[in-house]
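A.B. asks: Fold the following.
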Amino acid sequence: LSPYVGVAGSKIFVAVGAEELCHPALKATWKVCNSTIATDLGVVMLSMPKPVSASLTPSAPRVTAPGDGATLAPFNVPTSVSLEVLVTFEDGTTQDYTSDPRTVYSVDPSDGSESLV
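C.D. replies: Purely as a prediction, here's the structure:
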């Protein structure tokens, strides 16, 4: 069986980190009264579109330090922002990777911003 395909009840799912495949990846067993009646392999064709771009969108266009006057009305600049990460694939679909454990956030030290984080 393939490490890229999982089974949950009568549904199959694609595992994180899966790669394209086309081979017998599922094994089905039919049992009656705990005796195996039939067993067979099912061929799975997993074709996944390749990523073509990614976007990072902050929840606000600006951020300031806590206690800065810009946090007050009428400016109301937040002291933190949330980030949204969307990946677009070659078939035109998009997937939200904001909370995906493979998404890594870091500050680019080349512009001096790391001193503000």
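
A.B. asks: Give me the below-cutoff pLDDT ranges for the chain.
C.D. replies: Along the chain, segments meeting pLDDT under 70 span 1-7, 112-117.

A.B. asks: Distance check, A28 against T36.
C.D. replies: As judged by Cβ to Cβ, to the nearest Å, A28 and T36 stand 11 Å apart. Backbone N, C-alpha and C define where each C-beta goes, glycine included.

A.B. asks: T93 too?
C.D. replies: In terms of Cβ to Cβ, T93 sits 40 Å off from T36.

A.B. asks: Now T36. Nearest residue, chain neighbours left out?
C.D. replies: T29 (5.8 Å; Cβ to Cβ, 6 or more residues apart in numbering).

A.B. asks: wait, the one you found sits on T39?
C.D. replies: Yes - here T29 reaches T39: they are 4.7 Å apart, a contact under Cβ atoms under 8 Å.

A.B. asks: Who are the contact partners of the residue positioned nearest the centre of the chain?
C.D. replies: In the chain, the C-alpha nearest the mean C-alpha coordinate belongs to Y97, at 3.7 Å (Cα atoms, centre = their mean). By Cβ atoms under 8 Å, 6 or more residues apart in numbering, the contact set of Y97 is 54, 85-87, 103.

A.B. asks: If we use 6 Å, what do you get?
C.D. replies: 85, 87, 103 (Cβ atoms under 6 Å, 6 or more residues apart in numbering).

A.B. asks: where does A54 land in three-state SS?
C.D. replies: strand (DSSP: H, G, I helix; E, B strand; the rest coil).

A.B. asks: So it sits against T88, correct?
C.D. replies: No - if you go by Cβ atoms under 6 Å, A54 and T88 don't touch, sitting 7.3 Å apart.

A.B. asks: Filter the contacts of Y97 down to just the ones in strands.
C.D. replies: Among the contacts of Y97, DSSP state E puts 85, 87 in strands.

A.B. asks: Buried among the contacts of Y97? Make that a ChimeraX selection.
C.D. replies: For anyone working in ChimeraX, the buried entries among the contacts of Y97, judged by 16 or more other Cβ atoms under 10 Å, can be selected with:
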select :85,87
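
A.B. asks: Now distance to D68 too, for the contacts of Y97, in a markdown table please.
C.D. replies: Output for those, formatted as a markdown table (distance: Cβ to Cβ, whole Å):
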| residue | distance to D68 |
| --- | --- |
| V85 | 27 |
| V87 | 34 |
| T103 | 29 |
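
A.B. asks: No further questions, thank you.
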